[in-house]
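Visitor: this is the structure alone, sequence omitted:
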């Protein structure tokens, strides 16, 4: 650039501060901090600092069993609210449990077993006050779909039942392991769009024929749900509707002897509490592989739903739940459940919403529900003998309709078309392929989107907002103006090996476009390229090499590269690679405003040599 290359811009422009190079840190310390931010972002060990050994032991027990923390503060007023909530969700849990067990092709009694033991475990280990534990429609459907691919529940009910217990065990171990190993971020790969499409697809492949005879009960359930949505104060009407349907259906069958005229009924349910099922696990091939696959898939879906529901209601009441602790709690309740004749459970939205609307205060509502189910198992199971299957079908279909969230799909279309594609892909994969295919397609597309964000980050031309020293995206702020002789670019992502080549080419194209624009308008020749590095949080060696090449390419054009606001990690690596010396510390500024001011000073004070510019103006990369 002629004389401009030999003069520091700081000689004529006052600079009160330089961009600092952070002090060197030992590798062990840096690696330790990286691990901490990856696996312990919530700093769970903070509470143990400066505590006595006895206090640390107490805090440790409270961490894994939150009931030890809140139980001493429990009051009678809380109990009044929790007992109402517990009885209300029990009235929903009993018919739902029986129905969902049938949906999973399991004995109906397992639905009651699964609403007794797991809620007790969660009440001791869970951190959510509102989550109501029990079986869910989508997990039940997945269990039937995946296990049914290789084992027929009617032809070999014993093996099918044992595989269900084994799958639940593996699901629980997998869930708890994610929590213990602080790997909860894995569940985040199941985006909201994936869940919406996946659940809708699972609901669609349901066999609707079984609900034809129960259309009256289905109409009743849908009407009560609609009414409760319109009038939230009457939430209990929808919550009581399944149990009411069961009672009315049973009375009707009993009085008319309809079971003798072709109406199928549940029949005899075994009295008593959960029998032990530890000896029923299947740990031999080839069925063990099926159980592991089923357990992991259903476990991930159940975990994603349970944590999402828990977080949703915690925001309403302004308290925090620990995602990793929730994984441990949900995992342990499934491990214990699998040993006591239960199949997969989590925190379903419908039951938790009823629990929340009923005014629950703590997890005691789960204990109350479990006690109500226990009393049902001990004394009331004969009352379900005449419950017609069509009523259970109506309950199941009502739940399936709830899984097809078309409003969420429309919202995705309006807000983010790519998320809508993910949703539809999951739906199509499940409907026309299988549960596994739908899940793999949706996750693969979501991962591809993440990779596209990394590999093709956005770059912007910045312009000056009038009467200010603020520089913003010229496409977003249409009133911005160009700075003559200066091109200002912003890179909106970290720079890694996956995007370094793209960014080198993209910067070159921006320069080409700017020079073409200048030729057509006759403005001042381009002299400086300023890179706003505010959004570049990190950079690897490929990114360093990219900057070196960009610098050389820009200089071959007769231009000068200027950097603005590089972060600490970027400055550290630029310094270690000695690229700062090549660029020149005097060409690195704290803000874009300072960089523009320095470049303007140079433009108006020194005139660059035309020879260099003329020889290289058409040298494009």
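Guide: Nice, I can see it. Just so it is clear, the structure is predicted and the values come from calculations on it, not from any experiment.
Visitor: quick one: low-confidence ranges for the stretch 201-350 of the chain?
Guide: Flagging of the stretch 201-350 of the chain using pLDDT under 70 yields the residue ranges 201-217, 239, 258-264.
Visitor: 80 instead, please
Guide: 201-222, 225-243, 245-246, 249-250, 252-254, 256-268, 308-309, 311-313, 315-316, 349-350 (pLDDT under 80).
Visitor: please apply the same query to the stretch 351-500 of the chain.
Guide: The stretch 351-500 of the chain contains residues with pLDDT under 80 at 353-354, 357-358, 385-408, 426-427, 429-443, 445-446, 449.
Visitor: what about the strands in it?
Guide: In the stretch 351-500 of the chain, the segments counted as strands under DSSP state E, counting those that start in this stretch are 459-464, 471-473, 486-491.
Visitor: let me have the ones you listed in JSON lines, extended by distance to residue 69 and mean neighbour count.
Guide: From N, CA and C alone the C-beta is placed, and that goes for glycine too. JSON lines is the format used below for these (distance: least, Cβ to Cβ, whole Å; neighbours: other Cβ atoms under 10 Å):
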{"stretch": "strand 459-464", "distance to residue 69": "49", "mean neighbour count": "20"}
{"stretch": "strand 471-473", "distance to residue 69": "48", "mean neighbour count": "19"}
{"stretch": "strand 486-491", "distance to residue 69": "47", "mean neighbour count": "23"}
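Visitor: got these as CSV, with distance to residue 303 columns?
Guide: Shown next, in CSV, are these (distance: least, Cβ to Cβ, whole Å):
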stretch, distance to residue 303
strand 459-464, 38
strand 471-473, 39
strand 486-491, 36
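Visitor: domain-wise, how is the protein divided?
Guide: What automatic domain parsing lists as the domains of the chain is 9-19+457-605, 116-405.
Visitor: can you say which of those domains is packed in most?
Guide: Of all the domains of the chain, domain 116-405 has the most neighbours on average by mean count of other Cβ atoms under 10 Å, namely a mean of 20.
Visitor: next one: that domain to chain centre, how far?
Guide: Domain 116-405 has its average C-alpha position 21 Å from the chain's average C-alpha position, going by Cα atoms, centre = their mean, to the nearest Å.
Visitor: what's the longest helix in this protein?
Guide: helix 287-317 (DSSP state H).
Visitor: for that one, packing partners?
Guide: For helix 287-317, the packing partners by 3 or more Cβ pairs under 8 Å, 6 or more residues apart in numbering; DSSP states H and E come out as helix 137-147, helix 157-180, helix 192-204, helix 323-338, helix 349-357, helix 435-455.
Visitor: mind putting those in a markdown table, distance to residue 500 included?
Guide: Shown next, in a markdown table, are the helices and strands packed on helix 287-317 (distance: least, Cβ to Cβ, whole Å):
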| stretch | distance to residue 500 |
| --- | --- |
| helix 137-147 | 42 |
| helix 157-180 | 33 |
| helix 192-204 | 30 |
| helix 323-338 | 34 |
| helix 349-357 | 44 |
| helix 435-455 | 10 |
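Visitor: figure out which of those helices is closest to residue 601.
Guide: Evaluated over the helices and strands packed on helix 287-317, closeness to residue 601 peaks at helix 435-455, with 37.4 Å, by Cβ to Cβ.
Visitor: what is the burial count for residue 33?
Guide: 11 (other Cβ atoms under 10 Å).
Visitor: and it, what is it in contact with?
Guide: With contact set as Cβ atoms under 8 Å, 6 or more residues apart in numbering, residue 33 has no partners.
Visitor: ok, back up a step: select, out of the helices and strands packed on helix 287-317, the one closest to residue 462.
Guide: Nearest of those (Cβ to Cβ): helix 435-455, 20.7 Å.
Visitor: and that closest one, what does it pack against?
Guide: helix 137-147, helix 192-204, helix 287-317, helix 417-432.
Visitor: now the angle from it to helix 287-317?
Guide: 60 degrees (axes from the mean of the first three to the mean of the last three Cα atoms, to 10 degrees).
Visitor: for residue 24, see how far away residue 478 is.
Guide: Residue 478 is 45 Å from residue 24, where distance means Cβ to Cβ, to the nearest Å.
Visitor: do the same with residue 90
Guide: Distance, residue 90 to residue 24, by Cβ to Cβ: 62 Å.
Visitor: equivalent analysis for residue 117, please.
Guide: Taking Cβ to Cβ, one finds residue 117 at 55 Å from residue 24.
Visitor: please apply the same query to residue 363.
Guide: Counting by Cβ to Cβ, the gap from residue 363 to residue 24 is 49 Å.
Visitor: re the thing from before, ok, which of the strands of the stretch 351-500 of the chain comes nearest residue 220?
Guide: When the strands of the stretch 351-500 of the chain are compared by Cβ to Cβ, strand 471-473 sits nearest residue 220, at 55.2 Å.
Visitor: check which helices and strands the closest one sits against.
Guide: Counting contacts by 3+ Cβ pairs under 8 Å, 6+ apart, strand 471-473 packs against strand 459-464, helix 592-605.
Visitor: ok, that strand: who's next to it in the sheet?
Guide: Counting by DSSP bridges, the strands paired with strand 471-473 are strand 459-464 (antiparallel).
Visitor: the partner strand vs helix 592-605, what angle?
Guide: With the same axes, to 10 degrees defining the directions, strand 459-464 sits at 70 degrees from helix 592-605.
Visitor: what sits up against strand 459-464?
Guide: With contacts defined as Cβ under 8 Å, 6+ apart, strand 459-464 is touched by 470-475, 477, 480-483, 487-492, 503, 506-507, 510, 514, 532, 592, 596.
Visitor: figure out which of the helices and strands packed on helix 287-317 is closest to residue 55.
Guide: Nearest of the helices and strands packed on helix 287-317 to residue 55, taken as Cβ to Cβ: helix 323-338 at 19.4 Å.
Visitor: need the phi and psi values for residue 530.
Guide: Dihedral angles phi and psi of residue 530 (degrees, to the nearest 10) take the values phi -100, psi 130.
Visitor: contacting residues for it?
Guide: 486, 487, 488, 489, 562, 563, 564, 592, 595, 596, 599.
Visitor: okay, it: pLDDT?
Guide: Predicted confidence (pLDDT) at residue 530: the value is 94.
Visitor: ok, now how distant is it from residue 75?
Guide: With distances taken as Cβ to Cβ, residue 530 is found 63 Å from residue 75.
Visitor: same check on residue 281?
Guide: In this view, residue 281 and residue 75 are 42 Å apart by Cβ to Cβ.
Visitor: cool, and residue 65?
Guide: Residue 65 is 20 Å from residue 75, by Cβ to Cβ.
Visitor: comparing those two, which residue is more hemmed in?
Guide: Between residue 65 and residue 75, residue 65 has the larger neighbour count (other Cβ under 10 Å), namely 15 against 10.
Visitor: distance to residue 169 for the helices and strands packed on helix 435-455 - can I get that in a markdown table?
Guide: A markdown table is the format used below for the helices and strands packed on helix 435-455 (distance: least, Cβ to Cβ, whole Å):
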| stretch | distance to residue 169 |
| --- | --- |
| helix 137-147 | 13 |
| helix 192-204 | 22 |
| helix 287-317 | 7 |
| helix 417-432 | 25 |
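Visitor: thank you kindly, that will do.
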